[in-house]
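>>> make a model of this:
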Amino acid sequence: MKRMLSLLLALCMILCLGTAAADGYTAGTYTASSQGMKPMTLEVTFSDAAITEIKIAEHGETYGIGWGLDASPVEAVPAWIIENQSLAVDMVTGATITTRAIVNGVADAVAQAGADAEALKAKTVAAEVADKVLECDVVVAGAGAAGLGAAVSALENGASVILLEKQGVTGGSTTRSGGYFIAAGTSLQKAQGIEDSPEAFFDFYKSIGGDLINDEKVMDFCVNSAACYEWIVANGAQFDGVTTVHPTHTELRVHNSLGGQFMGTGQGGQMTAPMTKAFTDKGGQLIYNAAADGLVLDAEGKVAGLTATMKDGSKLTVNAKAVILATGGYAGDAAKVNELHFCKPATYSVPTSVTGDAVKIAEAVDAKVEWTDAANISMVSFTCGVGCYGEAAGMIASDKGERMCNEYCYFYTYTEALLKAGSPYGWYITDADDPFPTAQYGMMIESTPHAATAAELAELIGADPATLEASIARYNELCAAGEDKDFGKPAEYMNALDKELYAIKLSPSISGTYGGVLTDVESQVINNAGEVVPGLYAAGEASFNGLVGSEYPVCGTAIGMAFYFGQVAGENAAAFAGK
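Reported below is the predicted structural model:
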């Protein structure tokens, strides 16, 4: 009996020590470092019994994802840790890198304060799990550009609105983008002395998309793009100038989000974060971690709301008079990408949540779905960035070694040439005289194939030796003549390839998809009988039909059209709801 009491006493002492290790601190403020998207510095203050303050002193996280929203990790995670005195933080879906960096930084400070961080990580916090039913006039699925545009528009037109977002932050693909909005006739253009018109804007799209575009929908966007731009600016979006993405695009229509730069990433938050704030400030209800998965239908089979599965597994039902689908495209669905695209892009710059949900949801009302083997695919170097910055001194070749195009072009233009030729990737062939810094850097990378002759290089890259030899010989002949009779590249970029040859691989990456649920110019969903589905709307990549051809025409197109047709969907949904 005494031995049993001794064992119990020892066990209690061990448990008490564990509690003290987790909860007992040497009071003070400790500085900790962590790694998020960029280095992070935290200052964590303790009393002798609790974490009392967490200050993120320095960070370089993405605006609109890592910070800038009420639900972003920088804003939400420190408060949660302090409230619960736990490091068992539920990762913010879509912002896990930043969430983990904060947890790791606080854990470091906990250790400095003499406590057991692992015990805090094991201290789970119970959360209530229960199914819910909500009511509103308009429910929107997806809080990217299209969904935010739709939700704010519906609110402004008098509807009560619930916005469901699959991830833990808003913004979707737009936040992760370079932050470009395409429009013609805006106040920012006029301030820079730029004259533009909807007709000229439409002619640009028609010149690239041809008969593949829906003239009515594209013209509608071109006519209203300036007003849509002014609308998102009025709701807080910030831009710092108008430019072009390549010198061959002479029209200055690409509106740069504040702090953005050509081919930058993570600047789209300058649009999505303010629009998120505008939505909640105007009285909208935003529900995170809600994956829309089905329509609510009334007794007559008409659209009457949405269902969603919450991150905790519970079910949410939103009864509504109108539904807007803005869940994005399917770039995160590897099986669908591989089914439709022979080049099988190795990477994508969209959230993992973008899996074509709108199509699956709309099937319940026999919505017409159109698929296409075209998409927003670009071929660039993953090692040195060649392809992103207008490198034009070298020769772009297919997988077989055939020269494909005038290299002095927008990267989607040469990608289109490669795709049309059936090439699953490309090569930027150059030599030591290439003046572009990215190419010079690429040639310094040990893994970059190089050889003294075209035949030897072909063997290294798996191209046909005779084809690559002939392509380089012809290219050098044109360089010597001072005129590119084959593709029309400007003479100043015709640099002969007559030294050690290098091949920088151009690999496919997908940043957006075309096709999806068919809609009309009013963003109304069309069924397989060619009729409007009453009360159901879609916008953005969920319904990217007839807006571009096979070649992506210019940066900012998808975002501009998403905001605009989302705005249209919101206005019409509110009207359908009787507002």
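>>> which helix or which strand is home to the residue most central in space within the chain?
With distances taken as Cα atoms, centre = their mean, the chain has residue 173 as the residue nearest its mean C-alpha position (2.1 Å). According to DSSP states H and E, residue 173 maps onto helix 172-175.
>>> can you show me the helices along the stretch 451-579 of the chain?
When secondary structure is read from DSSP state H, counting those that start in this stretch, the stretch 451-579 of the chain shows helices at 454-461, 465-481, 557-576.
>>> the shortest one vs helix 465-481, what angle?
Just to be clear, that refers to helix 454-461. Put simply, helix 454-461 runs at 130 degrees to helix 465-481, going by axes from the mean of the first three to the mean of the last three Cα atoms, to 10 degrees.
>>> quick one: list the elements packing against helix 454-461.
In this structure, helix 454-461 packs against strand 450-451, helix 465-481, strand 501-513, with contacts taken as 3 or more Cβ pairs under 8 Å, 6 or more residues apart in numbering; DSSP states H and E. Any C-beta I mention is one placed from the backbone N, CA and C, and that applies to glycine too.
>>> what's the most buried one of those?
Across the helices and strands packed on helix 454-461, averaging neighbours per residue (mean count of other Cβ atoms under 10 Å) puts strand 501-513 on top, at a mean of 24.
>>> adjacent strands (with direction) for that strand?
Strand partners for strand 501-513, identified by DSSP bridges, are recorded as strand 347-348 (parallel), strand 375-380 (antiparallel), strand 426-431 (antiparallel), strand 450-451 (antiparallel).
>>> ok, now which ones touch the residue nearest to the centre of the chain?
By Cβ atoms under 8 Å, 6 or more residues apart in numbering, residue 173 lies in contact with 144-145, 268, 328-329, 331, 349-351, 354, 511-512, 541, 558.
>>> re the thing from before, which of the helices and strands packed on helix 454-461 sits closest to residue 296?
Residue 296 lies closest to strand 501-513 among the helices and strands packed on helix 454-461, at 26.8 Å (Cβ to Cβ).
>>> render the CA-only coordinates of the closest one in PDB, please.
Taking Å, rounded to 0.1, in the frame of the first residue of the first chain, the C-alpha atoms of strand 501-513 are listed here in PDB:
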ATOM      1  CA  LEU A 501      25.800  26.900 -76.300                       C
ATOM      2  CA  TYR A 502      23.400  26.700 -73.300                       C
ATOM      3  CA  ALA A 503      19.900  25.400 -73.100                       C
ATOM      4  CA  ILE A 504      17.600  26.900 -70.400                       C
ATOM      5  CA  LYS A 505      14.400  24.800 -70.000                       C
ATOM      6  CA  LEU A 506      11.100  26.600 -70.300                       C
ATOM      7  CA  SER A 507       8.600  24.500 -68.200                       C
ATOM      8  CA  PRO A 508       4.800  24.900 -68.200                       C
ATOM      9  CA  SER A 509       3.000  26.500 -65.200                       C
ATOM     10  CA  ILE A 510      -0.700  27.000 -65.000                       C
ATOM     11  CA  SER A 511      -2.100  30.100 -63.300                       C
ATOM     12  CA  GLY A 512      -5.700  30.000 -64.600                       C
ATOM     13  CA  THR A 513      -8.200  27.900 -66.600                       C
END
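>>> what mean pLDDT does it have?
The average pLDDT for strand 501-513 rounds to 95.
>>> ok now stretch 284-291, how far from the chain's centre?
Computed by Cα atoms, centre = their mean, to the nearest Å, the separation of stretch 284-291 from the middle of its chain amounts to 19 Å.
>>> what does it rub up against?
Among residues not part of stretch 284-291, those counted as contacts by Cβ under 8 Å, 6+ apart are 71, 93, 134, 136, 143, 151-152, 155, 161-170, 276, 279-280, 308-312, 316, 353, 357.
>>> run the last query once more with 6 Å
Counting contacts by Cβ atoms under 6 Å, 6 or more residues apart in numbering, the residues outside stretch 284-291 that touch it are 71, 151, 155, 161-166, 168, 280, 308-311, 316.
>>> report the buried residues of it.
Judged by neighbour count (16 or more other Cβ atoms under 10 Å), stretch 284-291 contains these buried residues: 284-291.
>>> narrow those residues to those in strands?
If you go by DSSP state E, the buried residues of stretch 284-291 have 285-287, 290-291 in strands.
>>> TSV for those, including distance to residue 42 and pLDDT?
Conversion of these to TSV gives the following (distance: Cβ to Cβ, whole Å; pLDDT from 0 to 100):
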residue	distance to residue 42	pLDDT
285	32	98
286	27	98
287	29	98
290	30	97
291	32	97
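>>> so which of the contacts of stretch 284-291 comes closest to residue 446?
Proximity to residue 446 was ranked across the contacts of stretch 284-291 by Cβ to Cβ; first place goes to residue 168, at 39.3 Å.
>>> and that closest one, what does it touch?
Listed by Cβ under 6 Å, 6+ apart, the contact set of residue 168 reads 92-94, 288-289.
>>> and the pLDDT for it?
Residue 168 is given a pLDDT of 96.
>>> distance check, it against residue 158.
Distance of residue 168 to residue 158, given as Cβ to Cβ, to the nearest Å: 30 Å.
>>> next: residue 29.
The spacing between residue 29 and residue 158, counted by Cβ to Cβ, is 50 Å.
>>> now this structure, which segments are flagged as low pLDDT?
Within the chain, the segments meeting pLDDT under 70 span 1-23, 260-265.
>>> in CSV, list the strands paired with strand 501-513 along with distance to residue 77.
Supplementary listing: the strands paired with strand 501-513 in CSV, determined by distance: least, Cβ to Cβ, whole Å:
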stretch, distance to residue 77
strand 347-348, 26
strand 375-380, 32
strand 426-431, 42
strand 450-451, 47
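>>> so which of these is the most packed in?
Each of the strands paired with strand 501-513 was given a mean neighbour count from mean count of other Cβ under 10 Å, and the largest, a mean of 27, is that of strand 426-431.
>>> following that one, which helix or strand comes up?
Taking DSSP H and E, what comes next after strand 426-431 is helix 437-444.
>>> can you list the buried residues in that next one?
With burial defined by 16+ other Cβ under 10 Å, the residues of helix 437-444 counted as buried are 438-439, 441-443.
>>> out of the residues you listed, which one sits closest to residue 113?
Among the buried residues of helix 437-444, and counting by Cβ to Cβ, the member closest to residue 113 is residue 441, at 43.8 Å.
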